[in-house]
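> I'll drop the sequence and a predicted model, then ask my questions.
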Amino acid sequence: QKEVEQNSGPLSVPEGAIASLNCTYSDRGSQSFFWYRQYSGKSPELIMFIYSNGDKEDGRFTAQLNKASQYVSLLIRDSQPSDSATYLCAVGGGDDKIIFGKGTRLHILP
Amino acid sequence: DAGVIQSPRHEVTEMGQEVTLRCKPISGHDYLFWYRQTMMRGLELLIYFNNNVPIDDSGMPEDRFSAKMPNASFSTLKIQPSEPRDSAVYFCASSRDFGSEKLFFGSGTQLSVL
């Protein structure tokens, strides 16, 4: 059974600080990695994707991938109250499926 | 484009009744996915289609669940008979590709089986 693991949280971070979200996955054949944000009562929306080892930056968001350690992370700089949501790590490739973790609840403290 | 459209937004039914959830994917997207989300199990993939053909239904929990995609613009997920443990949010998502492409999610159907 292929798995994607995340700490459920909640992770509380002061406004303006860096939020760090982590994810591990079990399938070494995985090729694509995603971070989705889900506000309460809403559907998931993609905020970052990464395919290669290393860092990928987009605005305040940085995704980090380490395939050797089967580890993906998301950093949110200058955290804002609007960043409070559940963050879902998703992993795809290999057998065509995109598998989601259960998500980490992030709470930005004003 | 209007995005992925799901209906109904909310469905309340009694145990034993048939439930049909509907989805219209984004035009031009060849892949359609049905997911179920609960607090306990998170977002689970139930089944996905490629060009209207079911490719993998290994996530469908039981024979009570069935899904069809009669054409490129419409899919249904049916539960018959429904049970209280089926209560969840059901999402439909579409993408142009799989694995390497982002998923576009519909608004979801909140299903409550009493």
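The structure has been received and is ready for your questions.
> neighbouring contacts of stretch B:75-90?
Outside of stretch B:75-90, the residues that reach it under the criterion CB atoms under 8 Å, 6 or more residues apart in numbering or on different chains are B:6, B:13-25, B:32, B:34-38, B:46-47, B:49, B:64-69, B:92, B:108-114. Where you see a C-beta, it was placed from the backbone N, CA and C, and this is true even at glycine.
> and it, how far out from the chain's middle?
What separates the centre of stretch B:75-90 from the centre of its chain is 9 Å, taken as CA atoms, centre = their mean, to the nearest Å.
> mind checking the end-to-end distance for that stretch?
End-to-end distance for stretch B:75-90: 13 Å, by CA to CA, to the nearest Å.
> for it, buried residues please.
Neighbour-count burial for stretch B:75-90, counted by 16 or more other CB atoms under 10 Å in any protein chain shown, picks out B:75, B:77, B:79, B:82, B:86, B:87, B:88, B:89, B:90.
> how near is the last one to residue A:13?
Read it as residue B:90. With the distance defined as CB to CB, to the nearest Å, residue B:90 ends up 32 Å from residue A:13.
> again, but for the first one
Applying CB to CB, one obtains 39 Å for the distance of residue B:75 from residue A:13.
> and the pLDDT at the nearest residue to residue A:12 once chain neighbours are set aside?
Of all residues beyond its chain neighbours, the one nearest residue A:12 is residue A:107 (4.8 Å), with distances taken as CB to CB, 6 or more residues apart in numbering or on different chains. On pLDDT, residue A:107 comes in at 97.
> also residue A:30?
pLDDT, the model's per-residue confidence, is 89 for residue A:30.
> repeat for the one 5 residues further on
According to the predicted model, the pLDDT of residue A:35 comes to 97.
> which element, helix or strand, includes it?
For residue A:35, the host element (DSSP states H and E) is strand A:32-38.
> what's that strand in contact with?
Looking at what lies outside strand A:32-38 - CB under 8 Å, 6+ apart - the contacts are A:21, A:25, A:44-51, A:61, A:63, A:65, A:72, A:74, A:85-93, A:98, A:100, A:103, B:99-100, B:102.
> buried ones from those residues, can you make that a PyMOL selection?
The buried subset of the contacts of strand A:32-38, as determined by 16+ other CB under 10 Å, is captured in PyMOL by this line:
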select buried, (chain A and resi 21+25+44+46+47+48+49+50+61+63+65+72+74+85+86+87+88+89+90+91+92+93+98+100+103) or (chain B and resi 99+102)
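> check for me that residue B:85 belongs to a strand.
No - checked against DSSP: H, G, I helix; E, B strand; the rest coil, residue B:85 lies outside a strand; its state is helix.
> mind checking pLDDT for it?
With respect to pLDDT, residue B:85 has a value of 95.
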